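**Student:** sequence first, predicted coordinates after that:
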Amino acid sequence: MADRPTSQQIDELFDAGGEVLPYADEMTFERPRQPQRRVSVDMSAPMVARLDAYASEYGVTRQSLVKIWLAERLNDEDDRRARRATS
């Protein structure tokens, strides 16, 4: 595949189970019908340093890492709540 694959080549790669994210422009990603709200969180400098280290390790921004981890935790809490409700 060339440096800049065609959309057809990317579709074929996706259909074959290949990794297509490297060809995506994340700046153009949208979340339709999901309004965004800005949230400010104060943390200690050591906590920010740890976040930055993990973000660097995973190749994402600090903000992305925080959103991913918060989403995972919220999903875990939703699951826990659902299990309690069915008990």
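**Tutor:** Nice, thanks for sending it over.
**Student:** okay, the residue nearest the centre of the chain: pLDDT?
**Tutor:** In the chain, the residue lying closest to the centroid (C-alpha atoms, centre = their mean) is residue 68, at 4.9 Å. pLDDT, residue 68: 93.
**Student:** remind me which helix or strand it belongs to.
**Tutor:** Using DSSP states H and E, residue 68 falls within helix 62-86.
**Student:** just checking, what packs against that helix?
**Tutor:** helix 45-58 (3 or more C-beta pairs under 8 Å, 6 or more residues apart in numbering; DSSP states H and E). All C-beta atoms are positioned from the backbone trio N, CA, C, and that covers glycine.
**Student:** buried ones in the helix it packs on, by neighbour count?
**Tutor:** Neighbour counts over helix 45-58 (16 or more other C-beta atoms under 10 Å) mark 51, 55 as buried.
**Student:** ok, and what's touching that helix?
**Tutor:** Contact with helix 45-58 is made by 43, 61, 62, 64, 65, 66, as judged by C-beta atoms under 8 Å, 6 or more residues apart in numbering.
**Student:** switch to 6 Å and redo it
**Tutor:** The contact list for helix 45-58, computed with C-beta atoms under 6 Å, 6 or more residues apart in numbering, reads 62, 65.
**Student:** repeat for stretch 18-35
**Tutor:** By C-beta under 6 Å, 6+ apart, stretch 18-35 touches 10, 13, 14.
**Student:** now, of these, which are buried?
**Tutor:** Neighbour counting by 16+ other C-beta under 10 Å classes residue 10 among the contacts of stretch 18-35 as buried.
**Student:** can you tell me which of the contacts of stretch 18-35 is closest to residue 85?
**Tutor:** residue 14 (37.3 Å; C-beta to C-beta).
**Student:** helix, strand, or coil at residue 3?
**Tutor:** What DSSP: H, G, I helix; E, B strand; the rest coil gives for residue 3 is coil.
**Student:** got a list of what it touches?
**Tutor:** Residue 3 neighbours (C-beta under 6 Å, 6+ apart): none.
**Student:** need the per-residue pLDDT for it.
**Tutor:** 73.
**Student:** go on, residue 27?
**Tutor:** 73.
**Student:** next one: residue 3 from residue 9, what distance?
**Tutor:** 11 Å (C-beta to C-beta, to the nearest Å).
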